[in-house]
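Colleague: Fold the following.
(chains A and B)
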Amino acid sequence: MRKRIVVLLIVLLTVSLSAFAGAQAEADKGYDLYIYNSKGENAAQFAEMAKAYEAETGVRVRTFSIGSGQDHMETLRAEMNSRNKPSIFSIQGVKELIEWYQGGFVVDFNSITDASFKALANNISPSLRLTNDGKTSFGVPYNVEGYGYIVDRQMIADLFGGASVDAFIADAKAATYAEWEALVKALDAYIKRNVQATVKLNGKAYVLATAKTGLAKNLNGVFAVMGAEKWTYGDHFINVAVNAVFANPNAAANATDADVEQLRGAFLAYAKALDLKTSYLAGLRGAATRGQDFVSSANFGYDQAVQIFADNKAVFFKQGNWAYGNIAGVNAAQAERLEFLPVKMPFESADIKVAGLTVAKLNSSIPVFVPNYYAINSQVPAAEQKLAMDFLVWLNTSATGKKYIVEEFNFIPYNADPATTTLPNSLGNSILDYIKAGTIIAAPYHGAPATWSGDVVGLRLMEQYLTKSNWTAQDYKDIVDYAVQNWQNLN
Amino acid sequence: MDFYKKWFWPLLLPSILLFGFVILFPFVVGVLNSFLAWRGTYYFDPETGIRATNLFASFVGFDNYANAFADERFIRALVYTVQYTLVAVVVVNFVGLGLALLVTRARRGAGLFRTVFFLPNMLGGLALGFIWQFIFQIVFTDILFSPEGLMHIPFLRYMTQDSTKALFALVILNAWQYGGYMMIIYIAGLNNISRDYYEAASIDGATPLRTFRSITVPMLMPSFTVVFFLTLSNSFKLLDQNIALTDGEFNTRLLAMQILRTVKDTAPPDYGKAQAQAVIFFILVASITLTQVYVTKKRELEL
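Modeller: Numbers count the residues shown, from 1 in each chain, chains lettered A, B, ... in the order given. Modelled structure (predicted):
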């Protein structure tokens, strides 16, 4: 009896195993449109949006969002190799485009005849397009993002007096690097030794309060910095310097060795600005200095730096509008009072190679760029591609679609009119102010070789320089050489 | 007996199928891919610069292997892995055998000790890595070995920020994790040694050291074979702990992680090169462990 059962089980197992391989019948897929979303932070809202679309149009949408912080490329490649490929998938800039372009997975919007989608595609501002040669266009932007030094208006009021906050912000935006450097040093002396001083910004004088009041009492340093996060100084901070030479990612991607040489002056300015920023650090438990503690994720990781800033221990915090949620999680009241100030570097006129750009313009602008695009998969049937176009048009032009983008995803719409749009969060509105004023730069570092900014330059800085207390002129030169040579080697 | 003779093939079939689908087939495909310009979702044609229309157009011969050996990071990871393995095998064995000798000699609570020593093995590599990251970064650096701490030992501070220190940090982590597992194997081996030999030795007046060298070690050879094999192959294949502890920063990439990260180091992702590294890795681990098993097997006593 027992033997029979054993034999029966084995036969069953064998049959099911062999059946597993062949018998997936070509039945209804259970959806009409499949969207792969690589932004895990808005997974729940994204699914809700899909339901709303289904309710309005009857198109059955399947959404797939990866977990926050998970590697989106591995999962997307697996989906692309499967039978049911996504109809819409996301591409995070030019770096990722090469792969999908070579593999023949993207649709060039120039080849599309559908009238309403054509209109949407043509309305994407040329500077925001996902393109490999300046003519093609492969993606509809998710949104725009920006970054700079985040500052709390209440902190400025406590430091310089409540009446002058707006004037201070405006003058700090326009200030030169020399004025910025003097401001940082004056703040440091004020915080550590109570030295009361007058600082000049954009030529106008601002006086520090005689005694520390309000939030200023909590300060222990000038900057909150994530020493353990290579991308903050490797990708984002260096991007400001790359802007001096390359106007957009494509210019950087097509750069020759000689073009890359042109970056030397800008990178020297970068090294000096980074030296200044990391010389006046705030910490969780008192002022901090560069050293081994500074690159340890237990002390200066993402969450720790947010905590330092939200606890009012630092005046400036270089981060993007994506940090809004993190800051609000720690200090909801502060999150409503935030503004961006531009990242300034000691550029010389000769360092700037982009036509029409000046030192003053570069030092008063913040990078605003598209972090993520929706692309249409050319390998799904034409009918499904059509549904994908209809969906993208709906998402970016209908009232419901726009409501999800602004209110649920907390995004800044790429097609927002800054004159009439107000967003439900302070940092988003601050970026709109920059767009309105026209003081924005791009993210050309996206066009640098794949690992250059973060894993090569960022890693080098973390391992050799952020652990070193004093930087010499030779160190500046070494940083510049390393950045330039590795870009050329990786090309 | 008859039953098994009659049902030999049907009984074996499920295992053969599983092995074929899950190991053999992917292995063969992997080796083939190491000769192609594979990019993960398509095969690249170096002639046209886009997706190849057929596999032959994507054939690159030994280019992927040449690229792998030309990659400084691969060579560094290879050297680092060999260094790590040498230290780890010695330390893990030492700890495992030491614990086994202690536990078999304990008069009371042997079962409790055995369980406690084995416990770390129940945790996953990533979880362990993060726990030890905390220990190295906070407990070691700020509490125990800082100038104000228990004892000022600079070598034990910031262990995750230097490739030499991180090597020992990984060894500590793994001795803690695998020590208990290896202990279990040694305990089984120790319990199999007949008391008679020890009794005879003590009558002859042998010292404990002599007893250990002439009786325990030779009689434990089968356990040594197993434990050396496990520690050697585990050390070579170490991945999760490496990622969680240092993520390869400060030149601490081991081979497995180097292979995993190759596709991130390149855009478009060079899966062909990663696959070539994996084949080299396989040949290396297989030849070293097989040699080890052959050598230690020969020294086992036939009783």
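
Colleague: Quick check: which ranges of the chain have low pLDDT?
Modeller: Assuming you mean chain A. A:1-27, A:69 (pLDDT under 70).

Colleague: my question was about chain B
Modeller: Scanning chain B for pLDDT under 70 picks out B:1, B:301-303.

Colleague: Might you enumerate the residues of it proximal to chain A?
Modeller: B:3, B:7, B:10-11, B:13-14, B:17-18, B:21, B:39-42, B:44, B:49-51, B:133-134, B:137-138, B:141, B:157-158, B:160-161, B:249-250, B:264-269 (Cβ under 8 Å from any Cβ of the partner chain). In this view, the C-beta of every residue, glycine as well, is placed from N, C-alpha and C.

Colleague: one more time with 6 Å, if that's ok
Modeller: B:10, B:13-14, B:17, B:40-42, B:50-51, B:137-138, B:158, B:161, B:250, B:265, B:267-268 (Cβ under 6 Å from any Cβ of the partner chain).

Colleague: Would you agree A:Leu387 is in contact with A:Tyr34?
Modeller: No: the pair A:Leu387 and A:Tyr34 does not pass the contact test of Cβ atoms under 6 Å, sitting 9.7 Å apart.

Colleague: The helix ranked longest in chain B - contacts with which helices or strands?
Modeller: Selection of the longest helix in chain B by residue count, based on DSSP state H, yields helix B:72-105. Here helix B:72-105 touches helix B:110-118, helix B:163-191, helix B:221-237, helix B:255-265, going by 3 or more Cβ pairs under 6 Å, 6 or more residues apart in numbering or on different chains; DSSP states H and E.

Colleague: could you dump these to TSV with distance to A:Ala282 and mean neighbour count?
Modeller: Shown next, in TSV, are the helices and strands packed on helix B:72-105 (distance: least, Cβ to Cβ, whole Å; neighbours: other Cβ atoms under 10 Å in any protein chain shown):
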stretch	distance to A:Ala282	mean neighbour count
helix B:110-118	43	14
helix B:163-191	28	21
helix B:221-237	42	19
helix B:255-265	33	21
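
Colleague: To B:Leu86, which of these lies closest?
Modeller: helix B:221-237 (8.7 Å; Cβ to Cβ).

Colleague: what's the offset of the closest one from the middle of its chain?
Modeller: Put simply, helix B:221-237 sits 8 Å off its chain's centre (Cα atoms, centre = their mean, to the nearest Å).

Colleague: Likewise for stretch A:461-469?
Modeller: 24 Å.

Colleague: List the buried residues of it.
Modeller: A:Leu461, A:Met462, A:Glu463, A:Tyr465, A:Leu466, A:Thr467 (16 or more other Cβ atoms under 10 Å in any protein chain shown).

Colleague: and A:Ala205, that one's in a strand?
Modeller: Yes: A:Ala205: assigned to a strand according to DSSP: H, G, I helix; E, B strand; the rest coil.

Colleague: Can you pull the phi and psi angles for the nearest residue to A:Gln304 once chain neighbours are set aside?
Modeller: Nearest residue to A:Gln304 in three dimensions, chain neighbours excluded: A:Leu284, at 6.0 Å (Cβ to Cβ, 6 or more residues apart in numbering or on different chains). Phi and psi for A:Leu284, reported as degrees, to the nearest 10, are phi -70, psi -40.

Colleague: Could you do the one 3 residues further on as well?
Modeller: Per-residue torsions, A:Ala287: phi -60, psi 150 (degrees, to the nearest 10).

Colleague: what's the burial count for it?
Modeller: By the criterion of other Cβ atoms under 10 Å in any protein chain shown, A:Ala287 has 17 neighbours.

Colleague: Wait, it touches A:Asn220, no?
Modeller: Yes: A:Ala287 is within contact range of A:Asn220, at 4.8 Å (criterion: Cβ under 6 Å).

Colleague: can you tell me how far the closest residue to chain B within the stretch 351-491 of chain A sits from B:Leu254?
Modeller: Of all residues in the stretch 351-491 of chain A, A:Ala450 sits closest to chain B, at 3.6 Å by Cβ to the nearest Cβ. Here A:Ala450 is placed at a distance of 22 Å from B:Leu254 (Cβ to Cβ, to the nearest Å).

Colleague: Those two: which has the busier surroundings?
Modeller: A direct count of neighbours by other Cβ under 10 Å for A:Ala450 and B:Leu254 places B:Leu254 higher, at 26 against 18.

Colleague: all strands for chain A, in order.
Modeller: A:33-37, A:61-65, A:88-91, A:140-141, A:145-152, A:198-201, A:204-207, A:223-224, A:316-320, A:338-341, A:366-369, A:373-376, A:440-441 (DSSP state E).

Colleague: Any residue of the first one touching chain B?
Modeller: Spelled out, that is strand A:33-37. No: Strand A:33-37 does not reach chain B (Cβ under 6 Å from any Cβ); its nearest approach is 12.9 Å.
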